[in-house]
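In: Would you be able to build a 3D model of this:
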Amino acid sequence: MSALTETIALDRSRTRTVRKAPSRSLDTLFRTFSYGAALLVLLVLAGILGSILYGGWPAFREFGFGFLTSSAWNVGTEQYGALVAVIGTVASAFLALLIGVPVSLGIAVFLTQLCPGWARKPVAMTIELLAAVPSIIYGMWGLFVFAPLFARFIEIPVSNVVEGLPIVGTLLYARVPSGVGVLTAGIILAIMIVPFIASIARDMLDQIPTVLRESAYGIGCTTWEVVRHVLVPQAAVSIIGAIMLGLGRALGETMAVTFVVGNANRLSASIFDPSSTIASRIANEFNEADGLQLNALMALGCILFVITFVVLIIARLLTRRVKAA
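Out: Okay, here's the model as predicted:
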């Protein structure tokens, strides 16, 4: 019996595959490729920033800090200011978040907590398909379908009600109820960012251990209490990241906003009035711009880059604060 065991062990040792020594050349190649990929991204980012800063520097040099505080944009007299475009960009993105974030979180909670099993996949796929729609389609739909309906059923009735009232009469009064304006752009942007925020939030809520939910339900918590005190705190960091991703999309959106924002270089306290954003102004004028106008548009690109960078810093600070809490 012992001889048979030794024979079997000897056969196994002979047939056992000998592990080859690790190849240092392949490891070096892998490290070099990884470093090169990371360095390439940084170089591209530095190249983009350097090119738009170089192109916009004549405008910054000509107008100084007044470029940020001036609302003028006159091609004939070559007077340019970024204030209207900056306010329009921030206002439309803020309205998009104000509308889109509650809807997105509601969709995520419904899909993970309340939706029947047979309907979960179709509803989730339908929401995600919204992300595949080209932005120009959103813009055309907003201009030719949504804007006329919005003007007829929202802007005109609301303007008639709030006309002459303090604060509300300024904020919600449309001097020319055409349907295009900052609020319309915010609504279209909200529709566009909902799939991104909802998908990420849903995935994060799905990854929370089931035992936490069952424990909360076991001690008598309602669905709202489970969501408020268990799910949202556990996924708060990821939800903040999803919201900032949606904000970045809203800040940089071009074609859809160009169709529905009105493209008017005018400061107005009413969210129904037309305005412009940085992206829409660049899209409208860049093709025919020359000289100082081209430099001003490049300077607007620099400002948009800085706004996006500030949003990224705020997102980092918020996530760090939530992790520390």
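In: what ranges of the stretch 201-325 of the chain fall below the confidence cut-off?
Out: 325 (pLDDT under 70).
In: Could you pull out the helices in it for me?
Out: Secondary structure of the stretch 201-325 of the chain by DSSP state H, counting those that start in this stretch: the helices cover 210-218, 223-226, 232-234, 236-252, 255-260, 278-285, 292-324.
In: how about residue 292, what does it touch?
Out: The neighbourhood of residue 292, defined by CB atoms under 8 Å, 6 or more residues apart in numbering, consists of 58-59, 62, 78, 80. C-betas here are computed from N, CA, C, even on glycine.
In: rewinding a little: which of the helices of the stretch 201-325 of the chain sits most buried?
Out: Of all the helices of the stretch 201-325 of the chain, helix 255-260 has the most neighbours on average by mean count of other CB atoms under 10 Å, namely a mean of 26.
In: Could you give the number of residues near residue 90?
Out: If you count neighbours by other CB atoms under 10 Å, residue 90 ends up with 15.
In: Mind checking what secondary structure the closest residue to residue 155 other than its chain neighbours has?
Out: Closest residue in space to residue 155, ignoring its immediate chain neighbours: residue 177 at 4.0 Å, by CB to CB, 6 or more residues apart in numbering. Of the three states, residue 177 takes coil under DSSP: H, G, I helix; E, B strand; the rest coil.
In: re the thing from before, tell me which of the helices of the stretch 201-325 of the chain sits nearest to residue 89.
Out: helix 278-285 (4.9 Å; CB to CB).
In: Distance to residue 130 for the helices of the stretch 201-325 of the chain - can I get that in JSON lines?
Out: Formatted as JSON lines, those follow (distance: least, CB to CB, whole Å):
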{"stretch": "helix 210-218", "distance to residue 130": "28"}
{"stretch": "helix 223-226", "distance to residue 130": "26"}
{"stretch": "helix 232-234", "distance to residue 130": "23"}
{"stretch": "helix 236-252", "distance to residue 130": "12"}
{"stretch": "helix 255-260", "distance to residue 130": "12"}
{"stretch": "helix 278-285", "distance to residue 130": "20"}
{"stretch": "helix 292-324", "distance to residue 130": "23"}
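In: got a pLDDT number for the residue nearest to residue 155?
Out: Per-residue confidence at residue 177 stands at 91 (pLDDT).
In: likewise residue 182?
Out: Residue 182 is given a pLDDT of 96.
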